[in-house]
Structure formats: structure tokens, C-alpha cells
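A.B. asks: Okay, predicted coordinates and the sequence, questions at the end:
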Amino acid sequence: DAEDPRVALTPERVHEFHTLFPLDAVVDEPEVGALGCTSRVYKAVSRIDGNTYALRKLDGVKINVDHNSMRKLWGELQHPNLVRLRNIFITNEFDAASNALTFVHDFIFGAMTMEERYMR
């Protein structure tokens, strides 16, 4: 919906992804979460395989470790209660003024974080 105020905060393309749609209900600056930073979640389509993914953009994160080794370790985790991590990348395509660490997960319709489900 072009009148949705979240659309103004959403880029057309990020990395290999297009057709981004914000999944957060909050338009204002999001609260600092459990990881000590703000984050936003987007539904997006990959131009490489055509699949739909969830992108979680983390702002204000100091990247002290190799995010590729983290991706490899977390990407190997498989459990029916975990949404699979597919990739991690750093980009300034959300906001040219700063880099954001972005996690790419399988998109599961209706999925909620444990915080959303049990702590709100």
C-alpha cells in the first residue's frame, strides 16, 4: 500500500533482494531489543532463486568477529523450532549513512520471535 508510512523507510532493493515489504508494525524508531540494538524485519524476494526470505536488519552493531564464520556456524543449526539462517551480509543500502548487519532467514508466514510470543 503506497499510503503505508513504512514504505517510505523501505528501499526497493537490498543486496540480491527486491520487493521488500516491512513486517514490523512500528513506524517510529524501534525499541532496543535483546541484542542491544534496534532492528527491523522485511519480507523480500531473491533475484537469484525467486524464493521469499525474511531480512532482519540490525542497526548500531559493532562487528568484532568475522560474520562469515558466524553464518557458517549458525547456518548448520537445524531444528523444527528454528527458522533457518541462510546468509549474513553488511550493507548500507537501507541507509547510506550507516552500515547494517543483515540476517537472511527462510520466510515462514506467521512466525514470531520468542520475545513477541511470550514476553509482550
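C.D. replies: That came through fine.
A.B. asks: pull the CA atoms of the biggest helix by length in the chain into CSV?
C.D. replies: Ranked by residue count, the top helix of the chain under DSSP state H comes out as helix 67-75. Included here for helix 67-75 are C-alpha records, laid out as CSV according to Å, rounded to 0.1, in the frame of the first residue of the first chain:
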residue,chain,number,x,y,z
HIS,A,67,30.3,-12.6,10.1
ASN,A,68,31.0,-15.3,7.5
SER,A,69,32.3,-17.8,10.2
MET,A,70,29.2,-16.9,12.3
ARG,A,71,27.0,-17.6,9.2
LYS,A,72,28.6,-21.0,8.8
LEU,A,73,28.1,-22.0,12.4
TRP,A,74,24.5,-20.7,12.7
GLY,A,75,23.6,-22.0,9.2
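A.B. asks: and E116, what element?
C.D. replies: Per DSSP states H and E, E116 falls inside helix 114-118.
A.B. asks: Can you list the low-confidence ranges for the chain?
C.D. replies: Residues of the chain meeting the criterion pLDDT under 70: 1, 27, 34, 64-65, 120.
A.B. asks: Only C-alpha atoms, please: export stretch 9-26 in CSV.
C.D. replies: Taking C-alpha atoms only, stretch 9-26 is exported to CSV below (Å, rounded to 0.1, in the frame of the first residue of the first chain):
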residue,chain,number,x,y,z
LEU,A,9,11.5,3.7,5.0
THR,A,10,11.9,0.7,2.7
PRO,A,11,14.4,0.6,-0.1
GLU,A,12,13.4,-1.0,-3.5
ARG,A,13,16.4,-3.3,-3.5
VAL,A,14,19.0,-4.6,-1.0
HIS,A,15,21.8,-6.9,-1.9
GLU,A,16,20.2,-9.6,-4.1
PHE,A,17,16.7,-8.9,-2.8
HIS,A,18,13.8,-6.9,-4.3
THR,A,19,10.1,-6.4,-3.5
LEU,A,20,10.9,-5.6,0.2
PHE,A,21,7.9,-5.3,2.5
PRO,A,22,8.3,-4.1,6.2
LEU,A,23,6.9,-6.7,8.6
ASP,A,24,7.2,-4.5,11.8
ALA,A,25,4.0,-2.7,12.9
VAL,A,26,6.0,0.1,14.3
